[in-house]
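Student: prediction below, plus the sequence it came from.
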Amino acid sequence: MALAGFFYTLLIFSACFAAICIIKLARMGMEDNTPPKREEKKEPAPPKAQPVYYIVEKKRTKRSYSQPREISFTDESRR
């Protein structure tokens, strides 16, 4: 009985795999049979504009720091 289940699973897998391959090949064939598009003559592209540069000010650092505060990851008030 288990051998028949394995056989049917293998049969369904191969049928689905074949169907997907056939669909992909058909889609590729349809794309190849389309008539080529006419290329329109394009005017030469205008020269590129000069790049814009932005001036960014550097953030000022602190000259003095306060005392570090203690961080607790447990809630001692619950205990």
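Tutor: Great, that's in hand.

Student: C-alpha only now, for contacts and for neighbours.
Tutor: Noted.

Student: which parts of this structure are helices?
Tutor: 2-32 (DSSP state H).

Student: just for it, where's the confidence low?
Tutor: The chain contains residues with pLDDT under 70 at 34-36, 75-79.

Student: spatially central residue in it, please.
Tutor: Against the mean C-alpha coordinate of the chain, by Cα atoms, centre = their mean, the closest residue is Lys24 at 22.3 Å.

Student: and it, how far from Glu40?
Tutor: Lys24 sits 31 Å away from Glu40, going by Cα to Cα, to the nearest Å.

Student: and for Val52?
Tutor: 33 Å.

Student: Tyr8 and Ala15, how far apart?
Tutor: Following Cα to Cα, the distance that separates Tyr8 from Ala15 is 10 Å.

Student: kindly report the same for Glu31.
Tutor: Counting by Cα to Cα - Glu31 and Ala15 are separated by 25 Å.

Student: got the contact list for Asn33?
Tutor: Asn33 makes contact with no residue, according to Cα atoms under 8 Å, 6 or more residues apart in numbering.

Student: and it, how far from Pro44?
Tutor: Taking Cα to Cα, one finds Asn33 at 31 Å from Pro44.

Student: over to Ile20?
Tutor: From Ile20 to Pro44 the distance is 44 Å (Cα to Cα).

Student: between these two, which has more neighbouring residues?
Tutor: Ile20 (12 against 6; other Cα atoms under 10 Å).

Student: who are the contact partners of that one?
Tutor: No contacts exist for Ile20 under Cα under 8 Å, 6+ apart.

Student: give me the number of residues near Ser14?
Tutor: 12.

Student: what does Phe6 give?
Tutor: Neighbours of Phe6 (other Cα under 10 Å): 11.

Student: mind checking how far it is from Phe13?
Tutor: Distance of Phe6 to Phe13, computed by Cα to Cα: 11 Å.

Student: hang on, the earlier thing: which residues touch the residue nearest to the centre of the chain?
Tutor: Residues near Lys24 by Cα under 8 Å, 6+ apart: none.

Student: and the gap between it and Ile55?
Tutor: Counting by Cα to Cα, the gap from Lys24 to Ile55 is 53 Å.
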